[in-house]
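Trainee: I'll drop the sequence and a predicted model, then ask my questions.
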Amino acid sequence: MTEELDPRLPVIVGVGQITIRPDRGQTSLEPADLMIEALRQAELDSGGTGLLAAADAVRTVSQLSWRYRNVAALVAEAIGAHPGELATSVMGGNLAGVMIARAAAEIQAGDAEVIVLCGGEATRSVSMAKAAGAKPEWTVQAEDTPSPTAIGDERPLANEVEAGRGVVMPVHIYPLFENALRARLGLTIDQHQQRLGTLWSAFAEVARNNPQAWIQSGFSPDEIATVSDDNRMISFPYTKRLCSNNQVDQGSGLIITSVAAAQAAGVPRDRWVFLHAGTEAVDHWNVSNRVDLCSSPALRLAGRDAFALAGITVDEIDHADLYSCFPAAVQIGAIELGLVDDPNANGNGWGGVGARLPLTVTGGMSFAGGPWNDYTSHGVATMVDVLRHDPGSIGLCTANGGYTTEHAVLVLSTAPPRRGAYGYSEPQAEVDALPRVELDDAWIGPVTIESATVAHERSGPTHALVAARTPNGNRTWCHSAEPAFMDAVATVDLIGRAASRSASGEIELA
């Protein structure tokens, strides 16, 4: 019996990834060329013809390693497309996932037949050129080049008070989340450091077998969690190997079509990966206003809707790739999505976090590579290959922007959607209605420490950043450069301890 499918069902028919290692003698490509090559690979991967030229929209992920006035226009010209839309996302690691979710919704609605998405970064090449006192001779578009359509929210992630208190850099904020999570789980500092090493060592092992991964050597838990000459402390408890690695040259390309367009292009059925559901939601924008520092209601609700729209339960997920800028993002994601049977597990379950299945298919952003805003495209491209080799299985991919601020959730499979159509949801009203905490930057007096980290330079620790609560439950930000306090953050469990805050934000233990 022939399978009858809605001709508007969205399918990913082609994926391409490219990794260039200029430090190993490979010829560098500028970001636009990385995108173009990845899309050409994606068309070859599809087994079909004419897909790139038929694109109704060309959408690119924003680049940091090289700025273009309209990189989507360069890509469209190179692939022979004349799309009705040229678009580029603003900053945000969630936006590759958002663009995939929205592209599928447009195709399901009949508003498009073929949409191509791509991203590329050449950060390693730029860094090498800078170290040599040079600058790459890459494309500079004319000043009158029309701007692309912008996708995403360009609001500053930190408000004026947060910026003034140093609550800005992800490499400082995610450690605050991590230490808050440790307290929630009831782990000692040593137990938690072992947990992080075990989790990230499992990610490194996945990267070992990923041909596109930037680092394929693998690391033991101790090599990841222990400070050493080549693994310095960045911001407690994160060593260098626990942080995203943006020093990569990588590109990705995805071709999303309707079933009808895939058939017309001659794409073999075994290349199709159906998008079952796509959702997006944003947590309270400022970290200061969140009810705690180790949860994500937006991700929880986006996951709930994704599973419901796909007609599945979380227990039916066979493969997962959670956004992995830092371990806190992975652990919070696994808990919120229900992938963890026992959040308090220490040394049990996959990667030591109690998960019932691996949480990455790439190896994550520390090892597979973290090309700024474009990691999710690589995660989805890798997931497509995983699902093709495991027909009928179900895959889950997430995307995260900001400080676990903006989220997207995708459900995929080689089998068609159980409900007969792709489902899209944005449960933002529910998130916005949730309780929030007030920020009090004028507080002077007693506080309770909520979380803390110590930022490090190569020369050693520089300052402690502390989230604290006032007696009436408001949040206030504190700091200290006192050696004794900084040492205590990394050796004594300060969370929950009484302290006092001065008018300047200086904190002292009571």
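Mentor: Yes, it's here.

Trainee: hey, let's count contacts and neighbours off CA atoms from now on
Mentor: Noted.

Trainee: May I have stretch 309-324 as CSV, with CA atoms only?
Mentor: Taking C-alpha atoms only, stretch 309-324 is exported to CSV below (Å, rounded to 0.1, in the frame of the first residue of the first chain):
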residue,chain,number,x,y,z
LEU,A,309,2.4,18.5,18.7
ALA,A,310,4.5,15.6,17.6
GLY,A,311,2.1,13.2,19.4
ILE,A,312,4.9,11.6,21.4
THR,A,313,6.1,11.3,25.0
VAL,A,314,9.6,12.1,26.1
ASP,A,315,10.3,8.4,26.7
GLU,A,316,10.0,7.9,22.9
ILE,A,317,13.0,10.1,22.1
ASP,A,318,15.8,7.9,20.8
HIS,A,319,18.5,10.6,20.0
ALA,A,320,19.1,14.0,21.5
ASP,A,321,21.3,17.0,20.9
LEU,A,322,21.0,19.6,23.6
TYR,A,323,22.6,23.0,23.2
SER,A,324,25.9,22.7,24.9
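
Trainee: who's in contact with that stretch?
Mentor: 244, 276-277, 307, 329-330, 333-334, 337-339, 357-362, 364-366, 376, 379, 383, 393-400, 411, 417-419, 422-424 (CA atoms under 8 Å, 6 or more residues apart in numbering).

Trainee: Next: stretch 378-389.
Mentor: Residues external to stretch 378-389 that are found in contact with it (CA under 8 Å, 6+ apart): 12, 15-17, 252-254, 270-271, 273, 319, 321, 361-362, 393-395, 397, 413-414.

Trainee: Which positions within it qualify as buried?
Mentor: For stretch 378-389, burial by neighbour count (16 or more other CA atoms under 10 Å) applies to His378, Gly379, Val380, Ala381, Thr382, Met383, Val384, Val386, Leu387, Arg388.

Trainee: ditto for stretch 112-132
Mentor: 112-128.

Trainee: Same check on stretch 489-504?
Mentor: By 16+ other CA under 10 Å, the buried positions in stretch 489-504 come out as Val489, Ala490, Asp493, Leu494, Ile495, Ala498, Ala499, Ser500, Arg501.

Trainee: what's the closest of those residues to Ala225?
Mentor: Ala490 (13.2 Å; CA to CA).

Trainee: Tell me the first helix or strand C-terminal of the helix or strand where that closest one lies.
Mentor: Assigning secondary structure by DSSP states H and E places Ala490 in helix 483-491. Note on helix 483-491: by DSSP H and E, the next helix or strand toward the C-terminus is strand 498-501.

Trainee: Can you give the contact residues for that next one?
Mentor: Trp443, Ile444, Gly445, Pro446, Val447, Thr448, Ile449, Cys478, Ile507, Glu508, Leu509, Ala510.

Trainee: Restricted to strands, list those.
Mentor: Cross-referencing those against strands under DSSP state E gives Gly445, Pro446, Val447, Thr448, Ile449, Cys478, Ile507, Glu508, Leu509.

Trainee: Filter those down to the buried ones.
Mentor: Neighbour-count burial (16+ other CA under 10 Å) applied to the ones in strands among the contacts of strand 498-501 gives Pro446, Val447, Thr448, Ile449, Cys478, Ile507, Glu508.

Trainee: what residues are up against the last one?
Mentor: It refers to Glu508. With CA under 8 Å, 6+ apart, Glu508 has these contacts: Ser480, Phe485, Ala499, Ser500, Arg501.

Trainee: Now do the closest residue to the last one other than its chain neighbours against Val291, distance only.
Mentor: Just to be clear, that refers to Arg501. Leaving aside its sequence neighbours, Arg501 sits nearest to Ile507 (CA to CA, 6 or more residues apart in numbering; 4.7 Å). Ile507 sits 22 Å away from Val291, going by CA to CA, to the nearest Å.

Trainee: With Ala73 instead?
Mentor: From Ala73 over to Val291 the distance is 43 Å, taken as CA to CA.

Trainee: more crowded one of those two?
Mentor: Ala73 (25 against 19; other CA atoms under 10 Å).

Trainee: that older thread, take the buried residues of stretch 112-132 and keep only those in helices.
Mentor: Thr123, Arg124, Ser125, Val126, Ser127, Met128 (DSSP state H).

Trainee: Who are the contact partners of the first one?
Mentor: Shown here is Thr123, whose contacts under the criterion CA under 8 Å, 6+ apart are Leu64, Ser65, Asn246, Gln247, Val248, Asp249, Pro371.

Trainee: pull the longest helix from this structure.
Mentor: helix 189-208.

Trainee: My read is that Ile335 contacts Pro343, right?
Mentor: Yes. At 6.6 Å, Ile335 counts as touching Pro343 under the criterion of CA atoms under 8 Å.

Trainee: The stretch 151-300 of the chain: strands as residue ranges?
Mentor: 233-235, 238-239, 249-258, 273-282 (DSSP state E, counting those that start in this stretch).

Trainee: So what touches the first one?
Mentor: When you say that, I think you mean strand 233-235. Contacts to strand 233-235, defined as CA under 8 Å, 6+ apart, come from residues Val171, His172, Pro175, Val227, Thr239, Lys240, Thr453, Val454, Ala455, His456, Glu457.

Trainee: now that we have those residues, which one has the most neighbours?
Mentor: Val454 (29 neighbours).

Trainee: Leaving out sequence neighbours, find the closest residue to Gly120.
Mentor: Excluding the flanking residues, the one nearest Gly120 by CA to CA, 6+ apart is Gly251, at 4.0 Å.

Trainee: before we move on, what about Val259?
Mentor: Val259 sits nearest to Pro7 (CA to CA, 6+ apart), 4.9 Å away.

Trainee: Please narrow the contacts of stretch 309-324 to those residing in strands.
Mentor: Going by DSSP E, the strands hold His276, Ala277, Ile394, Gly395, Leu396, Cys397, Thr398, Ala399, Asn400, Val411, Gly423, Tyr424 from the contacts of stretch 309-324.

Trainee: As JSON lines, the residues you listed with neighbour count, distance to Ala261 and pLDDT would be great.
Mentor: Shown next, in JSON lines, are these (neighbours: other CA atoms under 10 Å; distance: CA to CA, whole Å; pLDDT from 0 to 100):
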{"residue": "His276", "neighbour count": "33", "distance to Ala261": "18", "pLDDT": "98"}
{"residue": "Ala277", "neighbour count": "27", "distance to Ala261": "20", "pLDDT": "98"}
{"residue": "Ile394", "neighbour count": "22", "distance to Ala261": "23", "pLDDT": "98"}
{"residue": "Gly395", "neighbour count": "24", "distance to Ala261": "23", "pLDDT": "98"}
{"residue": "Leu396", "neighbour count": "25", "distance to Ala261": "25", "pLDDT": "98"}
{"residue": "Cys397", "neighbour count": "24", "distance to Ala261": "24", "pLDDT": "98"}
{"residue": "Thr398", "neighbour count": "29", "distance to Ala261": "27", "pLDDT": "98"}
{"residue": "Ala399", "neighbour count": "32", "distance to Ala261": "27", "pLDDT": "98"}
{"residue": "Asn400", "neighbour count": "30", "distance to Ala261": "30", "pLDDT": "98"}
{"residue": "Val411", "neighbour count": "27", "distance to Ala261": "21", "pLDDT": "98"}
{"residue": "Gly423", "neighbour count": "24", "distance to Ala261": "19", "pLDDT": "98"}
{"residue": "Tyr424", "neighbour count": "24", "distance to Ala261": "21", "pLDDT": "98"}
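
Trainee: Could you dump the contacts of strand 233-235 into JSON lines and include pLDDT?
Mentor: Converted to JSON lines, the contacts of strand 233-235 look like this (pLDDT from 0 to 100):
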{"residue": "Val171", "pLDDT": "97"}
{"residue": "His172", "pLDDT": "98"}
{"residue": "Pro175", "pLDDT": "98"}
{"residue": "Val227", "pLDDT": "97"}
{"residue": "Thr239", "pLDDT": "98"}
{"residue": "Lys240", "pLDDT": "98"}
{"residue": "Thr453", "pLDDT": "98"}
{"residue": "Val454", "pLDDT": "98"}
{"residue": "Ala455", "pLDDT": "98"}
{"residue": "His456", "pLDDT": "98"}
{"residue": "Glu457", "pLDDT": "96"}
